[in-house]
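> everything below, folded, please.
(one chain, ligands or ions: 2)
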Amino acid sequence: MSVDKINIFNRTKKDLEDFLKNESIKLFRKNQIWNWLYVQGVKSFFEMNNLSLTLKEQLEKKFKISFLTVNKAFTSKDGTKKWLFKLNDGKEIETVFIPDGKRGTICISSQVGCSLSCSFCHTGTMKLERNLELEEIIGQVITVKNFLKDWKKKTEEKIVTNIVFMGMGEPLLNYRNVIEAIKVLTDEKGLAISKRKITLSTSGIVNKIKDFQRDTDINLAVSLHAANDKVRNELVPINKKWPIATLLEELKIYNKLERKKRITFEYIMLDGINDSLKDAKQLIKLVGPLKSKINLIPFNPWPNSSYDVSSNEKIEKFRNFILEKGKIIATIRNPRGNDILAACGQLKSFKKKNTIKEGL
Ligand code: SAH
Ligand code: SF4
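Ligands and ions are numbered 1, 2, ... in the order given. The predicted model follows:
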């Protein structure tokens, strides 16, 4: 019965290898199957036409090829697309695709909701409902690739080129599934997304940064958002557990081990809260010693949010001050998909059922 079948997208390459071994099937089949799934984008095992009928039937008996179900889809006037996916248990997540010239970025979710309640974040107003499974993280990418017809393409022709873990949830609190998903995303015989084009954004889960450094080679972005503990405690409450000094100590170690990489510090621009030149001075002092860059994010307001975005003039002044006085690379993020609430921190499912309370 199909209910007992495992979604093949919930299996790592190692799991697939174990399956082949158990069934006494030659291991070279692993890469063939992988290619059908992640390069050709097939919808059925019976399309895998270099496999014997027996093997197709063996696969069909044990597995299914199942994509995410779309509940709603939106397209912004700037070309940004947002999908609201309905998961098997009825919960919902959002995924965004942002086209930008030759670059196409998918912003993926790692959890349903989030446990960290940052005060400026729409997702933060939800409780954490649960972690996403491997098939649900990978499912966001392959389902979007289906919609974009982005299969069977040479590297330079691919529409999806970049991935950011900046959707709903804190990726380092769904560690195992996120790491397995990164392995699938970067597998050179499959989706083959360059590790330099994948970024994980964390609010600063200090006790997972060493593991992250050891287990994967993608880019790290850290949601700093404030240059002193008083303001950061308000904005990013996890700061009470791991204050700025502790976070930066850990990032110094990361910097030493990852000599070639710059850490991106994300800094949200909130009117009158963290956008003065005094804040900019403190910020320079904090991050100056690190190999890093700063990405200033204009706050995206959402219904009933209690902050305002800083004026463009103030954001530019702040950026120029960091560039000139701090000699630190600083960029301003160009907000995308505002008309469809597709920007970072606006991702939120409105349906809340069977909420499970989970702490850290
Ligand atoms: N939980 C992780 C990743 C998801 S949030 C993290 O916090 O880093 C991705 C980014 O969007 C973070 O930098 C987050 O602070 C930012 N963000 C959240 N709400 C926002 C909003 N309303 N406007 C602009 N950026 C926001
Ligand atoms: Fe969670 Fe990130 Fe939103 Fe904070 S900003 S509530 S960590 S998703």
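
> which residue ranges of the chain form helices?
Per DSSP state H, the chain carries helices over the ranges 13-22, 29-35, 53-62, 134-148, 175-186, 209-215, 229-235, 244-257, 277-287, 312-326.

> what about the fourth one, near ligand 1?
No. Judged by C-beta under 6 Å from any ligand atom, helix 134-148 and ligand 1 are separated, with a smallest distance of 13.2 Å. Every C-beta, even on glycine, is put in place using the N, C-alpha and C of the backbone.

> may I see the buried residues of that helix?
In terms of neighbour count (16 or more other C-beta atoms under 10 Å), helix 134-148 has its buried residues at 134-145, 148.

> where exactly do the strands run in this structure?
Ranges of strands within the chain are 6-7, 63-64, 69-75, 81-86, 92-100, 103-107, 111-112, 130-131, 162-165, 198-202, 219-223, 263-269, 292-298, 329-332, based on DSSP state E.

> which of these is buried the deepest?
Comparing the strands of the chain by mean neighbour count (mean count of other C-beta atoms under 10 Å), strand 111-112 ranks first with a mean of 26.

> and that strand, how far from the chain's centre?
Centroid separation for strand 111-112 versus its chain: 11 Å, with C-alpha atoms, centre = their mean, to the nearest Å.

> which strands and helices sit next to it?
For strand 111-112, the contact count by 3 or more C-beta pairs under 8 Å, 6 or more residues apart in numbering; DSSP states H and E identifies strand 130-131 as packing neighbours.

> sorry, back to before: and the strands of the chain: which comes nearest residue 119?
Closest to residue 119 of the strands of the chain is strand 263-269 (C-beta to C-beta; 10.5 Å).

> with distance to ligand 2 as added columns, please give the strands of the chain in a markdown table.
Shown next, in a markdown table, are these (distance: least, C-beta to the nearest ligand atom, whole Å):
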| stretch | distance to ligand 2 |
| --- | --- |
| strand 6-7 | 25 |
| strand 63-64 | 31 |
| strand 69-75 | 20 |
| strand 81-86 | 16 |
| strand 92-100 | 12 |
| strand 103-107 | 12 |
| strand 111-112 | 8 |
| strand 130-131 | 13 |
| strand 162-165 | 10 |
| strand 198-202 | 7 |
| strand 219-223 | 6 |
| strand 263-269 | 9 |
| strand 292-298 | 11 |
| strand 329-332 | 19 |
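
> among those strands, which is nearest residue 338?
strand 292-298 (9.8 Å).

> follow-up on the earlier one: tell me which of the buried residues of helix 134-148 is nearest to residue 165?
Each of those was scored against residue 165 by C-beta to C-beta, and residue 137 proved nearest at 8.7 Å.
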